[in-house]
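**Q** Okay, sequence plus prediction incoming.
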Amino acid sequence: MGRQGPVTSGGDIFRVVEHPLSPDAIAGDVDEPGAGGVVIFSGVVRNETGGRGVKFLEYEGHATMAEAKMREIGAEVRARWSGVRRIAMLHRLGRLEIGESSVLIAVSAAHRGEAFEACRYAIDTLKRTVPIWKKEYFEDGEVWVGLQGG
Amino acid sequence: MRVRVRLFARYREATGQDGLDLDLPDGGTVETAWSAVVGRHPVLSQYRPFTLFAVGHDYVQADHTLRAGDELCLFPPVSGGN
């Protein structure tokens, strides 16, 4: 992607990548002594859409803007939930197979309630604002998925 | 003034191009640019109601005034999923 390295702010991470995502690694990214809970969301490639068998997916995006939008989401999370200690958001682009993770979000917070709420907010907002698209490949064709689908 | 337009996902595939350069009158808006793009790629006209616009890393409205050297992105709706 021609990128220079991690996009971080205060230990938070917002990155678009083209390699497999690891829940274990992202848990380490938000590790912090003041955290009493860590919530991780992993969005994975499902094997069907509306009863149609999916073979694989391809994700395409505007990588630098996607990272900028994820950074904005991180700032909103910190403004809303003061107990949040660390945030990491990773989105993968390229071809993904069934069961692979396309997006990982990890939030550590002093208490679990804030970690759950912040993680939910982050993934829901990402789906609305981050410029990334997916193309579903079926046995008998392919289709770009927009807001209505998926 | 010169403006760079980038096309993504289904727009890139529909046109066979990931971008194009436009020469617009000074004071031209995103809507002006959209009309120019559709003039070259009529296949995109059907997507106007669903299209999102961004300049740099920020979403903008269709009446946003462009400046020379801007990079205007035309986006299909983003990925979604429940």
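**A** Looks like it came in fine.
**Q** residues from chain B in reach of chain A?
**A** Counting by C-beta under 8 Å from any C-beta of the partner chain, chain B comes close to chain A at B:6, B:8-10, B:12-13, B:50, B:52, B:54, B:56-57, B:59, B:73, B:75-82. Just so you know, the C-beta spots here come from the backbone N, C-alpha and C atoms, and that holds for glycine as well.
**Q** Just the buried subset of those, please.
**A** Those of these that meet the buried threshold are B:6, B:8-10, B:12, B:52, B:54, B:57, B:73, B:75-79, B:81, by 16 or more other C-beta atoms under 10 Å in any protein chain shown.
**Q** Which of these fall in helices?
**A** Taking DSSP state H, the ones among these that sit in helices are B:9-10, B:12.
**Q** List of residues touching the host helix or strand of B:Ser35?
**A** Counting by DSSP states H and E, the element that carries B:Ser35 is helix B:30-40. Residues from elsewhere that reach helix B:30-40 (C-beta atoms under 8 Å, 6 or more residues apart in numbering or on different chains): B:3, B:5, B:20, B:22, B:24-25, B:44-45, B:48, B:51, B:53, B:55, B:60-64, B:66, B:72, B:74.
**Q** Buried ones from those residues, can you make that a ChimeraX selection?
**A** Command for ChimeraX that selects the buried part of the contacts of helix B:30-40, burial taken from 16+ other C-beta under 10 Å:
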select /B:3,5,22,24,44,53,55,60,64,66,72,74
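**Q** center of chain A - which residue?
**A** Among the residues of chain A, the one closest to the centroid is A:Val103, at 3.3 Å (C-alpha atoms, centre = their mean).
**Q** got a list of what the residue nearest to that one when sequence neighbours are not counted touches?
**A** Residue nearest to A:Val103 in three dimensions, not counting chain neighbours: A:Gly43, with 4.2 Å by C-beta to C-beta, 6 or more residues apart in numbering or on different chains. Applying C-beta under 8 Å, 6+ apart, we find A:Gly43 in contact with A:101-104, A:123, B:81.
**Q** Mind checking which of the contacts of helix B:30-40 are in strands?
**A** In this view, these that belong to strands under DSSP state E are B:3, B:5, B:20, B:22, B:53, B:55, B:60, B:72, B:74.
**Q** mind checking how far the closest residue to B:Ala62 other than its chain neighbours is from chain A?
**A** Once flanking residues are discounted, B:Ala62 sits nearest to B:Glu31: 4.5 Å by C-beta to C-beta, 6+ apart. For B:Glu31, the distance to chain A (C-beta to the nearest C-beta, to the nearest Å) stands at 20 Å.
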